[in-house]
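Participant: how would this look folded up:
(2 chains)
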Amino acid sequence: MIKLIKLEWKKYSLWKYVRGAAITTAVMLGMLLLISSDPDTGVLVPQVGKSTIHALTELFLNMSYQVFTGVMLAGFVVSEYETGRIRLMFAYPIRRWTIIAAKIAAVCLFTFLALLGSKILVYGILLALRSEEDTGIHLGEVSLWTGAVLGAGVSVLGGCIPLFVGMKTKSSRAMLIAAFVIMLGVMGLTQGNVLPFTEGGSAVGYALQILGAPAAFFAAVYRIETEDVR
Amino acid sequence: MPYILQTNRLTKTIGGKNIVEEVSLHVKKGEIYGFLGPNGAGKTTVMKMITNLWKPTKGSVEIFGEPLTKNSYEVLKRMGSIIEFPTFYEQMTGYQNLWLHCEYMGYYRHGSIENALDLLGLREAADKKVKDYSLGMKERLGIARAILSKPELLVFDEPTNGLDPAGIKQIRDLLKALSREYGISILISSHILSEIECIADTIGIIHHGRLIREIAMEEIDRMNLAYIETEVSDIRRACAVLADQMGASNFRIAEGGVIRVYDPQITPQELAKTFALQDVEILSLGRKAESLEDYFLKMTSGEEGL
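Facilitator: Residues are numbered from 1 along each chain as shown, chains lettered A, B, ... in the order given. Next up is the predicted model:
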């Protein structure tokens, strides 16, 4: 499996996605700085509406990387069907299920690490501008890191849900639209726009992503060994 | 007769319609099997089922003496194929695409990639990105990939598409060499009948999803496809002379008002003499041979077989 994952990264020029991740992070950081700065003085303010800078950082990065995961999956998995390359892949002496699983793992592993790396980078930059108290980013607190890791994991899983749409329609475009819609839905659930903003409301959003990802994966590869390759 | 590939009443039904129906073809070890049929006849469908991309609705495929199942992954190691058109990772070079193929096939032999590139005349383009390849170069790269891991069976769906005449000849010679020198069995479909005629040992003709004839090229030659073609001033009288005076039963009036006599006992000399004696004026007379194309057209136009 590790070899297959490495081959996926090689085929799709991982550096292209590293660049994409860097741009995504830079844009999110720019937005954070704009939203969190006093319009008159340009200095970062500790509280933005009901949120802290820390909460906004988590929200912006998690949501953007959730869509990023969908974009990568569309390229790694669904475009193989669109270009007809899947006929080549399925002519290899490897289980179809393993081939698709390797592709998904290659995307998830990359986006998870890229998201964590982005969070560390953004935390670092924010702390260089304001104190831990102002930003709510306390590097010494275990909860910060468990929250960052869990948030990254859940977001990447949530990014896999549109794969169901992509595999059923065999269309990257449909998958990208689904990725945006799901991202907005998740944001609505976890930020109190759909359900009241409570721990319970957020938990529903997170639970849907955690459970939705394996369900989407199962639905996407169900019967893959026996289905006709168009 | 041990076959390296055979299908047994292979049927594929899509949306209640039989795309392919009860196809039983047989490919012997080391032979080139030409799979002929008009567009939409079902050639690609059969080939997809042979390469396990599509699953048969009914019937079975047997390769290397083993039935093909959804778990027949080891069989795929011993096969090379191009179905419809070859696809690549276009941002990678030709060499990298072949390297990738070796990795997935688990085939590691020093110099094999260079060898394949040399065989297909692609050594100089090896480091070019595939997106910059011409259609013909992509076809050749697809063939290089298919033969790279020294398979025992090659399945090629119209592999000369997009190639210029020189490229077609190169592929034809290569396929012959692979079959004759290395004993590789090749199933090849093509709409260029003269290509098949040049290289095939056996041909299978598929029409409307049914395999209507499977025949060795030797047998086609033996079947006396040679005939006498004559143009006369009075066709009706000539036909009467042929039937009554010469006892010929195997002749027909072809396009352009010419008579074709397939009866092997009748010689052009005898025909000319009899017609002269019976006052049938001969405008032209000669012995001709039917090409595979004629045979194919006859088969697929619903006429009686020879």
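Participant: contacts for the longest helix seen in chain B, please.
Facilitator: Looking across chain B with DSSP state H, the single longest helix is helix B:165-182. If you take C-beta atoms under 8 Å, 6 or more residues apart in numbering or on different chains as the criterion, helix B:165-182 is touched by B:30-32, B:119-121, B:136, B:139-140, B:143, B:147, B:150, B:154, B:156, B:159-160, B:163, B:184-186, B:188, B:192, B:195, B:198-199, B:201. C-betas here are computed from N, CA, C, even on glycine.
Participant: B:G167: neighbouring residues, count only.
Facilitator: As a burial measure, B:G167 scores 18 neighbours (other C-beta atoms under 10 Å in any protein chain shown).
Participant: how close does the residue most central in space within chain A sit to chain B?
Facilitator: Residue closest to the average C-alpha location in chain A (C-alpha atoms, centre = their mean): A:Q66, at 2.5 Å. From A:Q66 over to chain B the distance is 26 Å, taken as C-beta to the nearest C-beta, to the nearest Å.
Participant: just checking, that residue touches A:G185?
Facilitator: No. With contact defined as C-beta atoms under 8 Å, A:Q66 does not reach A:G185; the gap is 10.7 Å.
Participant: for A:Y92, see how far away B:T51 is.
Facilitator: 11 Å (C-beta to C-beta, to the nearest Å).
Participant: shared neighbours of the two, anything?
Facilitator: B:L76.
Participant: give me the more crowded residue out of these two.
Facilitator: Neighbours were counted for B:T51 and for A:Y92 using other C-beta under 10 Å; B:T51 has more, 26 against 18.
Participant: if we can go back for a sec, just the ones of the contacts of helix B:165-182 in strands?
Facilitator: B:I32, B:L154, B:F156, B:S185, B:I186, B:I188 (DSSP state E).
Participant: beta partners for B:I206?
Facilitator: Beta-bridge partners for B:I206, by DSSP bridges, are B:L211.
Participant: counting neighbours, what do you get for B:G42?
Facilitator: For B:G42, using other C-beta under 10 Å, the count is 24.
Participant: so who does it touch?
Facilitator: Counting by C-beta under 8 Å, 6+ apart, the residues that B:G42 touches are B:K12, B:I19, B:V20, B:V23, B:I206, B:H208, B:G209, B:R210.
Participant: the residue nearest to the centre of chain A: what secondary structure?
Facilitator: helix (DSSP: H, G, I helix; E, B strand; the rest coil).
Participant: same thing with B:V20?
Facilitator: Under three-state DSSP, B:V20 comes out as strand.
Participant: any idea how far B:G40 is from it?
Facilitator: B:V20 is 11 Å from B:G40, by C-beta to C-beta.
Participant: higher neighbour count, these two?
Facilitator: B:V20 (29 against 12).
Participant: now A:G188: which helix or strand?
Facilitator: helix A:172-190 (DSSP states H and E).
Participant: ranges for the helices of chain A?
Facilitator: So, for chain A - with DSSP H - the helices run A:2-11, A:14-35, A:53-73, A:79-83, A:85-89, A:96-129, A:132-135, A:142-160, A:163-169, A:172-190, A:199-221.
Participant: which of these sits closest to B:G286?
Facilitator: Checking the helices of chain A against B:G286 by C-beta to C-beta gives helix A:85-89 as the closest, at 48.8 Å.
Participant: dump the C-alpha coordinates for the closest one into CSV.
Facilitator: This file holds the C-alpha atoms of helix A:85-89, laid out as CSV (Å, rounded to 0.1, in the frame of the first residue of the first chain):
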residue,chain,number,x,y,z
ARG,A,85,-6.9,5.9,-17.5
ILE,A,86,-8.8,3.7,-15.1
ARG,A,87,-8.9,1.0,-17.8
LEU,A,88,-5.1,1.0,-17.6
MET,A,89,-5.1,0.9,-13.8
